[in-house]
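[1] Predicted model and sequence follow; I will ask about them next.
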Amino acid sequence: RKEVEQDPGPFNVPEGATVAFNCTYSNSASQSFFWYRQDCRKEPKLLMSVYSSGNEDGRFTAQLNRASQYISLLIRDSKLSDSATYLCVVNIEGSASKIIFGSGTRLSIRP
Amino acid sequence: NAGVTQTPKFQVLKTGQSMTLQCAQDMNHNSMYWYRQDPGMGLRLIYYSASEGTTDKGEVPNGYNVSRLNKREFSLRLESAAPSQTSVYFCASETSGGTNEQFFGPGTRLTVL
């Protein structure tokens, strides 16, 4: 079993739709969680950190469920510019060698 | 600020050739990383450096060496390239103080024939 698993997609949704992705992790010692965005043939960029209480940044909402060991990303009112691959990242605190990237979920927004 | 820069952007090698990938950051970060990204596999950590003068192996270090030349620069060397090392290589640096945000360079696309 992979340490961090994501549905690879692709998710193909119309502009304006709401879309959600989940990411599961296997190590219960995981402490830090992030969503990164990666455009085609570009480097990953931090989208948002994920906090225990959940957090929102504009149209994006991230949630953490420690009991079930998953994090989620919700995108409301999706835009064409949201088309990208979304990477789930898990970090075991204090261990630089244990930063694990998921393989990503591809999202395509159609007009 | 340039952020994280990498050279070269593209490289084609023949099996057995050697090369060094260069990375530099101007954000005064202590930690720097080298990853490779292959289709369907996500980014995998090759080596990292928690501070100037220290380096440690990541998940897939075999076939690679690194040098943390100073706080700004972290290079990755392939001594004898193999086709299995065909990949996209990303360098990253990380903020200090607990936020763990990583900033990536634009990547090097390496093909080994």
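    Sure, I can see it.

[2] all strands for the chain, in order.
    No chain in the question, so chain A it is. Assigned by DSSP state E, chain A shows strands spanning A:4-6, A:11-14, A:19-25, A:32-38, A:44-50, A:55-57, A:60-65, A:70-75, A:84-91, A:99-101, A:105-110.

[3] meant chain B, my bad for not saying
    Going by DSSP E, chain B shows strands at B:4-7, B:10-13, B:19-25, B:31-38, B:42-49, B:56-57, B:64-68, B:74-78, B:87-94, B:102-104, B:108-112.

[4] For A:Tyr36, find the nearest of the ones you listed.
    Of all the strands of chain B, it is strand B:102-104 that lies closest to A:Tyr36, at 8.1 Å by CB to CB. (Glycine included, C-beta is placed from N, CA and C.)

[5] ok, is that closest one in contact with chain A or not?
    Yes: Strand B:102-104 lies within reach of chain A by CB under 8 Å from any CB of the partner chain, at B:Gln102, B:Phe103, B:Phe104.

[6] With stretch B:5-12 instead?
    No: Stretch B:5-12 stays clear of chain A (CB under 8 Å from any CB), getting no nearer than 9.0 Å.

[7] Tell me who's in contact with the most centrally placed residue in chain B.
    The centroid of chain B falls nearest to B:Trp34 when counting by CA atoms, centre = their mean (2.8 Å). Counting by CB atoms under 8 Å, 6 or more residues apart in numbering or on different chains, B:Trp34 touches B:21, B:23, B:45-48, B:58, B:64, B:66, B:74, B:76, B:89-91.

[8] Compile the strands of chain A into TSV and extend it with columns for mean pLDDT and distance to chain B.
    Output for the strands of chain A, formatted as TSV (pLDDT from 0 to 100; distance: least, CB to the nearest CB, whole Å):
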stretch	mean pLDDT	distance to chain B
strand A:4-6	92	8
strand A:11-14	95	16
strand A:19-25	94	11
strand A:32-38	94	5
strand A:44-50	93	5
strand A:55-57	92	13
strand A:60-65	95	14
strand A:70-75	95	15
strand A:84-91	94	6
strand A:99-101	86	4
strand A:105-110	96	11
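
[9] Assess the claim that B:Glu94 and B:Ser31 are in contact.
    Yes: using CB atoms under 8 Å, B:Glu94 is in contact with B:Ser31, at 4.1 Å.
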